[in-house]
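Asks: return a 3D structure for these sequence lines:
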Amino acid sequence: MSILEFFTSSWKVNAGKKLTTQAREAAEGQADSLFASAYENFAAVPENNKSYADAMYNWGFALLHQADTKSSDAAKALYEQAVEKFNKCLATNPNYLGAAIDGGVALLALARETGASLDDKLYLRAKESFETAETIQEGTASYNLACIHAMNNNEQECIAALNKARDLGLIPETKQIMEDEDLDNIKSMSRFKEFIESLLIEEEEEAKEDKPEEADSEEVADSEAPVEDKTES
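Replies: Modelled structure (predicted):
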């Protein structure tokens, strides 16, 4: 592979990424055309090129987001293609974290779109994808695994995964957790309520810690202000 081929492929990946960003912000009619142009750029990267894994990941990422704008058979086909691209990325680079996480996300979306039961292989494959992400970087998919455990009414495993995500600083905001439908099965369970309460307490403590800093800054500002000379001339 020549230096020219390397930089050409890198340019193609970056061009595809920019088109994907534009597509996500565009109106539906224009978005599909932009997505198609992005796919052409990713497809132009040869398999023996160092940018191939990046091309496959970003192709899958684009397909995943295009699928989110569709329904029924159109969405299903796009999710399936996204899974295929993420798998190609991981086959080239087994430590590609984004492909492991988003591959699991795409499999979950495909399972929902097809109305699969929780014991369907799609859910199992999604779980395995998140577990792969965990081996690449611990904690990055703990929340995703917590959601799968919740779907299966496994409160203990769900809470353990949530605690791991929190301990590693990779937990979503409390409001987002409470609104996540994937966690609905355990939201009424005592351990989940205790977990949420602990998050709220932490948020309150952090808010209190921030206030003295603001007060201190005001005191410093006051001390640095010029003192009016009131001596009579």
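Asks: please list all residues in contact with Ile101.
Replies: Ser129, Phe130, Ala133, Thr140, Ala141, Asn144 (Cβ atoms under 8 Å, 6 or more residues apart in numbering). C-beta: built from backbone N, CA, C; applies to glycine.
Asks: same question but for Asp120, I mixed them up
Replies: By Cβ under 8 Å, 6+ apart, the contact set of Asp120 is Ala111.
Asks: distance of it relative to Glu113?
Replies: Separation of Asp120 from Glu113 (Cβ to Cβ, to the nearest Å): 12 Å.
Asks: and Ser9, by the same measure?
Replies: For Ser9, the distance to Glu113 equals 32 Å [Cβ to Cβ].
Asks: next: Ile148.
Replies: 17 Å.
Asks: tell me the domain boundaries of this structure?
Replies: By the assignment in automatic domain parsing, the chain contains the domains 1-119, 138-207.
Asks: please identify the deepest-packed of these.
Replies: Per-stretch averages of neighbours, counted by mean count of other Cβ atoms under 10 Å, single out domain 1-119 among these, with a mean of 18.
Asks: just how off-centre is that one within its chain?
Replies: The gap between where domain 1-119 is centred and where its chain is centred comes out at 14 Å by Cα atoms, centre = their mean, to the nearest Å.
Asks: please apply the same query to stretch 157-164.
Replies: 18 Å.
Asks: same question for it, mean pLDDT?
Replies: Mean pLDDT, computed over stretch 157-164, is 97.
Asks: what sits up against it?
Replies: 138-139, 142-143, 145-147, 149-150, 171, 177, 183, 186, 191-192, 195.
Asks: looking at those residues, which are in helices?
Replies: Judged by DSSP state H, helices contain the following of the contacts of stretch 157-164: Ser142, Tyr143, Leu145, Ala146, Cys147, His149, Ala150, Ile177, Arg191, Phe192, Phe195.
Asks: as CSV, the residues you listed with distance to Glu157 and pLDDT would be great.
Replies: Output for the ones in helices among the contacts of stretch 157-164, formatted as CSV (distance: Cβ to Cβ, whole Å; pLDDT from 0 to 100):
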residue, distance to Glu157, pLDDT
Ser142, 11, 98
Tyr143, 13, 98
Leu145, 8, 98
Ala146, 8, 98
Cys147, 11, 97
His149, 4, 97
Ala150, 9, 97
Ile177, 16, 96
Arg191, 11, 94
Phe192, 12, 95
Phe195, 13, 96
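Asks: which ones are touching Glu113?
Replies: Glu113 touches Ser72, Ala75, Lys76, Tyr79, counting by Cβ under 8 Å, 6+ apart.
Asks: what do you get if the cut-off is 6 Å, keeping everything else the same?
Replies: Contacts were defined as Cβ atoms under 6 Å, 6 or more residues apart in numbering; by that measure Glu113 touches Ala75, Lys76.
Asks: and the gap between it and Asp73?
Replies: Note on Glu113: its distance to Asp73, by Cβ to Cβ, is 9 Å.
Asks: so for Gln30, what's the nearest residue that isn't a sequence neighbour?
Replies: Nearest residue to Gln30, sequence neighbours excluded (Cβ to Cβ, 6 or more residues apart in numbering): Ala23, at 7.9 Å.
Asks: touching, that neighbour and Asp32? I think so.
Replies: No - the criterion here is Cβ atoms under 6 Å, and Ala23 misses it with Asp32 at 7.8 Å.
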